[in-house]
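Undergrad: I'll drop the sequence and a predicted model, then ask my questions.
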Amino acid sequence: MTEQEMQSALEAIIYAADEPATLDQIVATVGGERAEVRAGLDRLVASYAVEERGVEIRKVAGGWKMYTKAQHHEVVRRFIKGLRPPLRLTMPALETLSVIAYKQPATLPEINEVRGVNCGGVVKTLLERRLITTAGRKEAVGRPILYRTSKDFLMRFGLADLEELPSLKEFEQLAQAALGADEGIAPTEPEEASEEAVPHGGPELVTREARASDMQANEKRENDAQENNIEAGDARTAGEQDSAATAQDENADSSDRERHGKAAGI
């Protein structure tokens, strides 16, 4: 590796690093002698120290990292404030957006059929974030609205046009490579938590299940009513028995008093 190639490689590594790149990391990446890499870093730092540069390379926390120069902080702060917040989508939103991107233009029933759930809330969210837009109505019964991806979708995902979308085979390879990575995936949002599963069998199955559920509920209510009536009858019977027993005791007491009075000559 020539000196210029070394300089370019070091610049690219430090630019791409989220955390300060340590000397050990850089040596392990580019290879070469440790002293040679350190000399290259010193030359790179010196080249960024000139006034014409808007950024500089500093050694911090045991590594090297790029920073904007202090005299440009106010300009950079104004620029950052004008940026849109980073795009974060939930998994249902990503799945729905993928369906629209590959089937566009697509109607909501078509999207629901692919995902197997009601995607109305997710589609509304994607419309609000301007990642999709309407594309007229389909010439079918009910004339459902068609949806397609927007210009913002291309900008957000760095695509020149839809032809640059990966094929399904490439998409599977990318998905396998990123399996387990959840960066950029937000928690489920309230409007997306209302997704309802679409049962197999259609409306007829739903109707049969609803009727069966109603019959079970009615049977339960009838059984509860019968049990309540039995309990009430038992309570009335017990009350009548207590009243009869009390009356018998009172009659017995009255008879005893009468006999005692006669015996005493009263």
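TA: Yep, that arrived.

Undergrad: Next up, the contacts around residue 159.
TA: Each residue near residue 159 by C-beta atoms under 8 Å, 6 or more residues apart in numbering is listed here: 153, 165. Every residue, glycine included, has its C-beta placed from N, CA and C.

Undergrad: So it versus residue 152, what's the distance?
TA: 11 Å (C-beta to C-beta, to the nearest Å).

Undergrad: where in the stretch 1-150 of the chain is pLDDT low?
TA: With pLDDT under 70 as the threshold, the stretch 1-150 of the chain has no low-confidence stretch at all.

Undergrad: Which strand or helix spans residue 146?
TA: Secondary structure assignment for residue 146, by DSSP states H and E: strand 145-149.

Undergrad: Listing partners with orientation, what would you give for that strand?
TA: strand 106-107 (antiparallel), strand 132-137 (antiparallel) (DSSP bridges).

Undergrad: Return the set of buried residues in the last one.
TA: If I follow you right, that is strand 132-137. Neighbour-count burial for strand 132-137, with 16 or more other C-beta atoms under 10 Å as criterion, is recorded at 132-133, 135.

Undergrad: Reformat the residues you listed as CSV; add distance to residue 66.
TA: Putting the buried residues of strand 132-137 into CSV (distance: C-beta to C-beta, whole Å) gives the following:
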residue, distance to residue 66
132, 36
133, 38
135, 43
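
Undergrad: Specify which member of the residues you listed is nearest to residue 165.
TA: Distance from residue 165 was checked for each of these by C-beta to C-beta. The minimum falls on residue 132, at 14.3 Å.

Undergrad: Quick check, the closest one in contact with residue 123.
TA: Yes. Taking C-beta atoms under 8 Å as the contact criterion, residue 132 and residue 123 are neighbours in contact, 7.2 Å apart.
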